[in-house]
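Undergrad: pasting the sequence and the predicted model now:
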Amino acid sequence: RPHIFIVSTNRNYPGPWHRLAASTMAANDIEWFGLFEYSGGGKFERLYTPWKDNALEESSQPGSSDKPVLLYAHGWQRGAYKNPAPESFITSQEVYGEERDVAEPWLQAGYRVLCFMWVPFADESDLATAEQKIWTAGKDQVQRWRNRDGNFQDVRGATGIGQAFFEAYRTVVMGAPRIHLVGHSLGTQMVGRLLEQILEQSERSLARLPERVTLLDPYFSNFAKSYLDGRWTGERVREAIRQASEAGCAIEQVASSAVLDNPLSDSNGELRFHTAYFVLNPDFIKLAYGPRDVEVLANRHSFARYAYLASLCIGQQPAVEGEHSSGLASRTDAEVRPMMTSEFHWVQKGGDRWDPETLIFERRGGSACFAKPKVAVQYA
């Protein structure tokens, strides 16, 4: 489901916890919040709810820990209360000409597809309010969420949503033999906040980093934040990504839209120095050259999620030949690592929107941004 990006220019708004409704609910009563397992066909089962005393109900024990995990975090969900189900991995017939479940290749490859959902908390009219919730809870540990009637309610005993994500990761996910962590849009900040906490805990051997991290068309609002003691959200994520890269993670960044090309958004160009940076060109989603281009931007923004997940090709590895490369998700961690550099990036030059064998990228110099590192960055 596409979303139009509207970012508040007010840096001192009262925050996502100001009281619009007096009623409160327990976290386990909130629909589409917590860690869910996706089994295909738009079907989800809740495994874990944060902010509860009982970690996992007996009927919701996670499956076999010998399977690799794809762990996904979504972004902003404005207006989600109007929909009977959250966004899944199935493409829109209207935009893509078919309904395709892009998680299917991962399920066939033996992955458990897990999703951390914070839909009713991400359902804010102002993106900056949803962004703030990732990093902090409100006064008296209260977070607000939107119910099915479109009204806000409070949940007490809450943390920042990113901390809730870590709670689910440490309880359910961390024992998997392989973890591929993926965030889309504002969900890349969820990934960054999760990595911060893992890095803090890993020093005491209390948490382990994922083997692979993928940032899909990231979003960061501009300006320093009072709730981050004057730091920027993009700065915090960039530092977490840098530390995870230095610790050995294979990290990709995939852009598919111009969602950061405006004065209210932080392009965060230096983030690219610490990732293998790919640029998709979804030209099949045609510009309208009018007011409808807002919707075109949203659809192109969503394309990174569908294209990357659909690109997993079972039994076939992407190729890198000189200045050209093919594929995305099928690339091994060892192949991603040397592509993590400030010295070049990859731009799509051809290929069908779904066929990973024909998804061709051309190598370009630099990081496609004005920022330049003092010393060239190259991981191996």
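TA: All right, it came through fine.

Undergrad: the nearest residue to Ile360 once chain neighbours are set aside and Val320, how far apart?
TA: Spatial nearest neighbour of Ile360, excluding adjacent residues (Cβ to Cβ, 6 or more residues apart in numbering): Gly350 at 4.4 Å. Yep, even glycine has a C-beta here, placed from its N, CA and C like the rest. As for Gly350, its distance to Val320 is 15 Å (criterion: Cβ to Cβ, to the nearest Å).

Undergrad: ok, these two, which is more surrounded?
TA: Looking at Gly350 and Val320 with other Cβ atoms under 10 Å, you find the greater number of neighbours at Val320, namely 17 against 12.

Undergrad: the more buried one and Ala368, how far apart?
TA: Counting by Cβ to Cβ, the separation of Val320 from Ala368 is 19 Å.

Undergrad: helices of the stretch 201-350 of the chain, residue ranges please.
TA: Using DSSP state H, counting those that start in this stretch, the helices of the stretch 201-350 of the chain run over 233-246, 293-310, 333-336.

Undergrad: check which helices and strands the longest one is in contact with.
TA: Identification of packing neighbours for helix 293-310 by 3 or more Cβ pairs under 8 Å, 6 or more residues apart in numbering; DSSP states H and E yields helix 104-108, strand 179-184, strand 212-216, strand 250-255.

Undergrad: distance to Arg305 and mean pLDDT added to the ones you listed, as JSON lines?
TA: Shown next, in JSON lines, are the helices and strands packed on helix 293-310 (distance: least, Cβ to Cβ, whole Å; pLDDT from 0 to 100):
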{"stretch": "helix 104-108", "distance to Arg305": "13", "mean pLDDT": "96"}
{"stretch": "strand 179-184", "distance to Arg305": "4", "mean pLDDT": "98"}
{"stretch": "strand 212-216", "distance to Arg305": "5", "mean pLDDT": "98"}
{"stretch": "strand 250-255", "distance to Arg305": "9", "mean pLDDT": "98"}
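
Undergrad: ok, which of these comes nearest Ile360?
TA: Set against Ile360 and scored by Cβ to Cβ, the helices and strands packed on helix 293-310 come closest in strand 250-255, at 14.7 Å.

Undergrad: tell me which other helices or strands the closest one touches.
TA: strand 212-216, helix 233-246, strand 276-279, helix 293-310, helix 333-336.

Undergrad: which one of these is the most hemmed in?
TA: The highest average neighbour count among the helices and strands packed on strand 250-255, using mean count of other Cβ atoms under 10 Å, belongs to strand 212-216 at a mean of 27.

Undergrad: now do that strand against helix 293-310, angle only.
TA: Taking axes from the mean of the first three to the mean of the last three Cα atoms, to 10 degrees, strand 212-216 and helix 293-310 form an angle of 160 degrees between their directions.

Undergrad: tell me what strand 212-216 is packed against?
TA: Using 3+ Cβ pairs under 8 Å, 6+ apart, the elements in contact with strand 212-216 are strand 179-184, helix 187-202, helix 233-246, strand 250-255, helix 293-310.

Undergrad: contacts for it, please.
TA: By Cβ atoms under 8 Å, 6 or more residues apart in numbering, the list of residues contacting strand 212-216 from outside reads 178-185, 187-188, 191, 195, 241, 244, 249-254, 256, 271, 275, 304-305, 308, 329, 333, 336.

Undergrad: how far away from the center of its chain is that strand?
TA: Strand 212-216 has its C-alpha centroid displaced from the chain centroid by 8 Å (Cα atoms, centre = their mean, to the nearest Å).

Undergrad: now stretch 119-128
TA: Centroid separation for stretch 119-128 versus its chain: 15 Å, with Cα atoms, centre = their mean.
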